[in-house]
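**Student:** what's the 3D shape of this:
(one chain, ligands or ions: 1)
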Amino acid sequence: MRIAVIPGDGIGKEVMNAAMILLENLNLPFKYEFYEAGDEALKKYGKALPDETLEACKKSDAVLFGAAGETAADVIVKLRQELDVFANVRPIKSIKGVDSLYKDLDVVIIRENTECLYKGIEFEIDGVAQTLRVITKKASERIARFAFEFARKEKRKKVTSLHKANVMKKTCGLFRDVCREVAKDYPEISFNEYYIDAACLYLVMDPYRFDVIVTTNMFGDIVSDLAAGLIGGLGLAPSANIGERYAIFEPVHGAAFDIAGKGIANPTAMILTACMMLKHFGFRDEASRIEKAVEDTIASGLKTRDLGGNLKTFEFTREVVKRI
Ligand code: GGG
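**Tutor:** Numbers count the residues shown, from 1 in each chain. All right, here's what the predicted structure looks like:
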């Protein structure tokens, strides 16, 4: 299987190195091919997502992505649309030993990935800037069904739809109505909905009321950072972008330029992202071994700085390798 590896910007390179150490140790039938994309690629080639990279992604079985920087719209957002990976699966799961706001939290955010305000249709005329929000029945139905199928497969009990249909009556109204319709096909899974603003309050005050969340693209982007904060931060949040043909695996975090190049980034999100890729291809045991090694490392008090420890990216990765 061909995996197109794009480290991307900022800490992307550092956390990707960590994930590659673990992946290459496994001796699986993956061929890793490295490609450039991001802010540096823009400077070098005049294009943040060079044609060669896009073509390689289209020829690969999966993409493993590190981090997007200032060119996120032209790199990761564009790649998701080009490869039609319409569902962004973002698990928010507590890890023992992390001093977080909440313990034993296990929520999965399913973010629609191809439309909404991130469609990239923007205009500026005479000092008036506009962005077009596109919500279609087709994409809403596809993501709602994905969320319910995911809940069914993972034996989860509830799907919650997040929208703002009292204000964005057409776009969020359509999304809300489609989710309600799809929910009827899954009577064994309970369904409810919140306005996105209220959902942010509930997530902070009582996140245990959530199980699977389904929402539109930009709301999904925002609530996944918020939710990552509940379990200890973006250093712990992996994700998978899934479509009919392609899949892109990327941590929720971005380039984190403030700490890039210092060797102190937490590679956990990237390593857990690699585990999502392993599971996607059926290598569940290998993924579980790595996940357990990460959990054991953190539970034994060995942590990177973001979690109150003092290990560097490489030192943390070495501890994980030791425990596999
Ligand atoms: N929120 C973390 C972050 O900065 N992610 C990179 C980014 O902006 N990605 C665009 C996206 O996820 O839509």
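**Student:** all strands of the stretch 1-150 of the chain, in order?
**Tutor:** 2-8, 31-34, 62-67, 87-93, 106-112, 122-125, 128-131 (DSSP state E, counting those that start in this stretch).
**Student:** which of these is buried the deepest?
**Tutor:** Ranked by mean neighbour count, the strands of the stretch 1-150 of the chain are led by strand 62-67 with a mean of 27 (mean count of other C-beta atoms under 10 Å). Yep, even glycine has a C-beta here, placed from its N, CA and C like the rest.
**Student:** Near the ligand, which residues of this protein? Just list them.
**Tutor:** When proximity is defined as C-beta under 6 Å from any ligand atom, the chain approaches the ligand at 68, 72, 76-77, 118, 221, 225, 252-254.
**Student:** so what pLDDT did the closest residue to the ligand within the stretch 51-200 of the chain get?
**Tutor:** Relative to the ligand, the nearest point of the stretch 51-200 of the chain is A72 (3.9 Å; C-beta to the nearest ligand atom). In the predicted model, A72 carries a pLDDT score of 97.
**Student:** now do N27
**Tutor:** At N27, the pLDDT recorded in the model is 89.
**Student:** and it, how far is that from A62?
**Tutor:** 18 Å (C-beta to C-beta, to the nearest Å).
**Student:** if we can go back for a sec, out of the residues of the chain next to the ligand, which end up buried?
**Tutor:** Buried by 16 or more other C-beta atoms under 10 Å: 68, 72, 76-77, 118, 221, 252-254, out of the residues of the chain next to the ligand.
**Student:** Just send those residues back as TSV, with distance to V212 too.
**Tutor:** Formatted as TSV, those follow (distance: C-beta to C-beta, whole Å):
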residue	distance to V212
A68	25
A72	25
I76	23
V77	23
Y118	21
D221	17
V252	16
H253	22
G254	24
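**Student:** Pull the most distant pair out of those residues.
**Tutor:** The most widely separated members of these, counting by C-beta to C-beta, are Y118 and H253 (17.4 Å).
**Student:** and the helix or strand that contains R152, what does it pack onto?
**Tutor:** Per DSSP states H and E, R152 falls inside helix 137-153. Packing contacts for helix 137-153, counted by 3 or more C-beta pairs under 8 Å, 6 or more residues apart in numbering; DSSP states H and E, involve strand 87-93, strand 106-112, strand 158-163, helix 171-183, strand 212-215.
**Student:** which neighbours does the first one have in its sheet, and in what orientation?
**Tutor:** Strands flanking strand 87-93 in the sheet, each with its direction: strand 106-112 (antiparallel), strand 240-242 (antiparallel) (DSSP bridges).
**Student:** now those in JSON lines, with distance to T216?
**Tutor:** Below are the strands paired with strand 87-93 laid out as JSON lines (distance: least, C-beta to C-beta, whole Å):
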{"stretch": "strand 106-112", "distance to T216": "5"}
{"stretch": "strand 240-242", "distance to T216": "15"}
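**Student:** re the thing from before, want to try a markdown table for the residues of the chain next to the ligand, with distance to E14 as columns?
**Tutor:** Compiled in a markdown table, those are given as follows (distance: C-beta to C-beta, whole Å):
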| residue | distance to E14 |
| --- | --- |
| A68 | 15 |
| A72 | 18 |
| I76 | 18 |
| V77 | 22 |
| Y118 | 26 |
| D221 | 23 |
| D225 | 20 |
| V252 | 16 |
| H253 | 12 |
| G254 | 13 |
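**Student:** of these, closest to R152?
**Tutor:** When those are ranked by distance to R152 (C-beta to C-beta), V252 comes first, at 24.2 Å.
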